[in-house]
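Trainee: Next come a sequence and a model predicted from it.
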Amino acid sequence: MQTSARAIAIVTDDPGWHGRQLVKAFAARDCRAAFLRLQDCSFDLAGSAGIVLGTDWAQLPDAVFVRGVPGGTLEQVILRLDVLHALKLLGVPVYNDGRAIERTVDKAMTSFLLHRAGVPTPPTWACEDAGQAQARLHAEWAQGHAVVIKPLFGSQGEGLRRLASGQPLPALDEYQGVAYLQRFVPPAGGVNRDFRVFVIGGRVDCAMARFGTDWINNVAQGARCEAVAAGGDLERLALDAVRVLDMDYAGVDILIGADGRAQVLEVNSVPAWYGLQSVTEHRIAERLADDLLRRHVHVPGRRAGPVQDAALHAAAGLALAVGP
Ligand SMILES: Nc1ncnc2c1ncn2[C@@H]1O[C@H](COP(=O)(O)OP(=O)(O)O)[C@@H](O)[C@H]1O
Ligand SMILES: [Mg+2]
């Protein structure tokens, strides 16, 4: 990489539209952005940094934008997250960092942290025991509620099932041995709709209502998007959730129930914004690039904050070995 321009590593194994948007946005800000696959990274204690970032990164980047952490075996995923943790320890800003990703990729931990902080979220249970899950279903049904079962690490509405009274609990093998159960929240007015609020740097950047073809309102499941101004409860809940989970940016899913209460369903630390971009006038990738650079990367001529100082010192003292 050239030394003059800021070097931004975009972590993904599937650059696609989002990757291109980010490269363009960073390029327009005099940064050289290039992709980095976590699968290509390794620990190598023979080198001074102790870590090798594939073959294309001979030096530590000035910052890392995490666009995706590919799935794999438990060991592979942990090693990939270790790389993000190590980068942060080496003083490289990681946007969203590994801890934020861990807290939110795991829906049970997200739910627990939201609940603990008093951020409204539906009653949720996560366990490994099918008998316990079954008992919970019966208790919910007895109170007139349906229940949603979700994959613990799921996304894009895949694998969700609504279990109304009497419907069998799926075999937990289909859910990697974990039952993550959440009370079904009937939507206001009976309309299939929820909200995606996009938060960047502690502020709402944009938001949309998603109208699903059924109760699962993900864009990937065919939902129609409509821009909304996120004020009031939507804004408050989204910002509270992001603060509690300590994230640089996030896609917060919020549903307004038939009782009029807004509740946070989940928080995404590597959210897609293709659907949201289709109803938003400004370029979301540009807002993300601006926020990352403004808060985390030293710009020559501007005074660096403590985090930036740490990053500069670490980056100055460490050169990565070029991998094989
Ligand atoms: N408890 C719930 N009550 C009602 N609808 C829900 C509930 N949980 C999820 N949904 C619907 O399913 C969608 C996907 O759920 P979500 O928890 O966001 O998982 P994913 O990670 O797959 O997006 C939500 O956007 C919402 O439309
Ligand atoms: Mg979601």
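Mentor: Sure thing, it's come through. Given the structure is predicted, the values throughout are model-derived calculations rather than measurements. Ligands and ions are numbered 1, 2, ... in the order given.

Trainee: Excluding sequence neighbours, find me the nearest residue to the residue in the chain that ligand 2 sits nearest to.
Mentor: Going by Cβ to the ion, ligand 2 is nearest to residue 253 of the chain, at 4.2 Å. Where you see a C-beta, it was placed from the backbone N, CA and C, and this is true even at glycine. Excluding its sequence neighbours, the residue lying closest to residue 253 (Cβ to Cβ, 6 or more residues apart in numbering) is residue 265, at 4.3 Å.

Trainee: which other residues reach the helix or strand the one you found falls within?
Mentor: According to DSSP states H and E, residue 265 maps onto strand 262-268. Residues from elsewhere that reach strand 262-268, judged by Cβ atoms under 8 Å, 6 or more residues apart in numbering: 104, 107, 110, 114, 119-122, 155, 182, 185, 194, 233-234, 237-238, 241-242, 245, 247, 250-257.

Trainee: can you tell me which of those residues are up against ligand 1?
Mentor: Contacts with ligand 1 are made by 122, 155, 182, 185, 194, 253, 255 out of those, judged by Cβ under 6 Å from any ligand atom.

Trainee: quick one: pLDDT of the residue nearest the centre of the chain?
Mentor: Centre of the chain computed as the mean C-alpha position; nearest residue by Cα atoms, centre = their mean is residue 269, 1.3 Å away. At residue 269, the pLDDT value in this model is 96.

Trainee: thinking it is in contact with residue 98, fair?
Mentor: No. The pair residue 269 and residue 98 fails to qualify as a contact (Cβ atoms under 8 Å) at a distance of 9.8 Å.

Trainee: hang on, the earlier thing: widest-spaced pair of the ones next to ligand 1 among the contacts of strand 262-268?
Mentor: Spanning the widest gap among these are 155 and 185, at 19.1 Å by Cβ to Cβ.

Trainee: who's more crowded, those two?
Mentor: residue 185 (23 against 17; other Cβ atoms under 10 Å).

Trainee: On the three-state scheme, the more buried one is what?
Mentor: What DSSP: H, G, I helix; E, B strand; the rest coil gives for residue 185 is coil.

Trainee: That one - nearest residue in space that isn't next to it in sequence?
Mentor: residue 257 (4.4 Å).

Trainee: what's the neighbour count on residue 170?
Mentor: Other residues lying near residue 170 total 15 when counted by other Cβ under 10 Å.

Trainee: For it, list the residues it contacts.
Mentor: Residue 170 makes contact with 149, 161, according to Cβ under 8 Å, 6+ apart.

Trainee: Tell me who's in contact with residue 115.
Mentor: 121, 124.

Trainee: again, only this time at 7 Å
Mentor: residue 121 (Cβ atoms under 7 Å, 6 or more residues apart in numbering).

Trainee: what about the one helix or strand residue 115 maps to and ligand 2, touching?
Mentor: Secondary structure from DSSP H and E places residue 115 in helix 107-116. No. Helix 107-116 does not reach ligand 2 (Cβ under 5 Å from the ion); its nearest approach is 9.4 Å.

Trainee: Just the buried positions in that helix, please.
Mentor: Going by neighbour count (16 or more other Cβ atoms under 10 Å), the buried part of helix 107-116 is 107-108, 110-111, 113-115.

Trainee: So which residues of this structure form helices?
Mentor: Assigned by DSSP state H, the chain shows helices spanning 16-27, 74-89, 98-105, 107-116, 130-142, 232-245, 274-277, 284-296, 306-317.

Trainee: so can I have CSV of those showing mean pLDDT?
Mentor: Listed next are these as CSV, based on pLDDT from 0 to 100:
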stretch, mean pLDDT
helix 16-27, 98
helix 74-89, 97
helix 98-105, 96
helix 107-116, 98
helix 130-142, 98
helix 232-245, 97
helix 274-277, 96
helix 284-296, 97
helix 306-317, 35
